[in-house]
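Q: Sequence unavailable; structure follows:
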């Protein structure tokens with residue numbers, strides 16, 4: 001009898017709570033899937049939202065609305081005055097910031113409202129745009145809505161290419177973590193119906209301070225993320241190999257103190273899909289592995305030295321050392337230790353012969 005009474009009370013409470021939730025009819029609201037921000041001046045921005053319009057027996061069309069507002073005020077309030085239905089963020093997939101805005105003002109005042117909005121998921125995609133975000137968001141990409149296309153473009157390159165995993169949650173975690181510099185992908189429109197990932201933007205205190213070019217993204221991902229799939233080309237005297245299905249992992253080791261020395265162990269596994277030489281002998285295989293390791297060591301070390309010059313730490317050396325040092329002093333780390341820290345790269349490459357010999 002007591003168990004039945006508990007069940008009745010639980011059902012009653014659940015029904016009461018459900019009644020408190022504000023209900024929305026999909027046909028009576030405008031669901032934003034993407035929003036972008038362009039720089040106007042030091043106090044104002046131009047915001048653009050993309051809303052999918054669903055028609056019977058047709059692919060969805062993207063409708064855009066733009067409005068100018070002060071940086072510290074909600075752009076959606078201005079957008080609401082242009083739409084026939086209430087604008088809501090429950091389906092938001094991507095947020096874009098222009099390069100100029102990211103460099104001159106920073107993106108933190110614009111990111112903050114999204115982390116406070118309970119309707120926005122932590123997996124929201126953020127990106128910087130080389131050029132006009134309004135123009136980019138107003139393009140025509142594929143048969144799906146523009147925001148979905150951009151979101152899928154980023155997700156595909158995270159899973160199968162050289163883009164490290166990024167989203168709203170990871171960006172904020174890196175920002176609030178003292179020993180790590182956040183980063184975001186940079187997009188560029190290369191046609192009315194085409195986009196590309198142009199590199200990785202590095203942000204210091206929310207402002208874009210540097211850009212990793214697309215051809216260097218492979219080495220950056222080795223340092224900050226792991227590969228489950230991937231492709232890299234290695235050149236030797238006997239030909240060139242396309243190494244596919246790359247799997248990678250990395251781990252940090254504190255190998256010395258005073259001065260600080262950190263060793264990064266990088267393991268890479270892959271198969272040779274194509275080789276432009278004659279016969280791929282065991283000797284050439286060994287040369288390919290050695291050259292791959294040399295490329296990784298050289299490019300990663302050059303990248304780390306560049307980060308030191310810019311006084312940024314997207315790899316997270318500061319965070320790593322904090323876990324190894326009691327009463328770690330971040331101010332002393334940034335002022336004195338970081339630039340003198342010795343970093344060693346120890347790559348280990350394993351390649352199996354497979355695929356086509358051209």
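A: Noted; the coordinates are in hand. Computed from a predicted model, the values in this text were never measured in an experiment.

Q: contacts, neighbours, all on C-alpha from now
A: OK.

Q: In contact with the residue most central in space within the chain, which residues?
A: The chain has residue 166 as the residue nearest its centroid, 2.9 Å off, counting by C-alpha atoms, centre = their mean. Residues near residue 166 by C-alpha atoms under 8 Å, 6 or more residues apart in numbering: 125, 126, 183, 184, 185.

Q: Just these: which are in strands?
A: Using DSSP state E, the subset of the contacts of residue 166 located in strands is 125, 126, 183, 184, 185.

Q: Can you redo those as a markdown table, where the extra columns are neighbour count and distance to residue 194?
A: Supplementary listing: the ones in strands among the contacts of residue 166 in a markdown table, determined by neighbours: other C-alpha atoms under 10 Å; distance: C-alpha to C-alpha, whole Å:
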| residue | neighbour count | distance to residue 194 |
| --- | --- | --- |
| 125 | 26 | 19 |
| 126 | 23 | 19 |
| 183 | 28 | 23 |
| 184 | 24 | 20 |
| 185 | 25 | 16 |
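
Q: I'd like these as a markdown table, with distance to residue 216 appended.
A: A markdown table is the format used below for these (distance: C-alpha to C-alpha, whole Å):
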| residue | distance to residue 216 |
| --- | --- |
| 125 | 22 |
| 126 | 20 |
| 183 | 14 |
| 184 | 15 |
| 185 | 13 |
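
Q: same for the top strand by length along the chain, what does it pack against?
A: Taking DSSP E as the criterion, the chain has its longest strand at strand 239-256. Contact partners of strand 239-256 among helices and strands, from 3 or more C-alpha pairs under 8 Å, 6 or more residues apart in numbering; DSSP states H and E: helix 217-224, strand 231-236, strand 261-275, helix 317-324.

Q: quick one, phi psi at the residue nearest to the centre of the chain?
A: Backbone torsions for residue 166, taken as degrees, to the nearest 10, come to phi -140, psi 150.

Q: Please apply the same query to residue 152.
A: The phi and psi values for residue 152, taken as degrees, to the nearest 10, are phi -70, psi -40.

Q: now do the one 4 residues further on
A: Dihedral pair for residue 156: phi -60, psi -40, per degrees, to the nearest 10.

Q: give me the number of residues near it?
A: For residue 156, the count of nearby residues is 13 (other C-alpha atoms under 10 Å).
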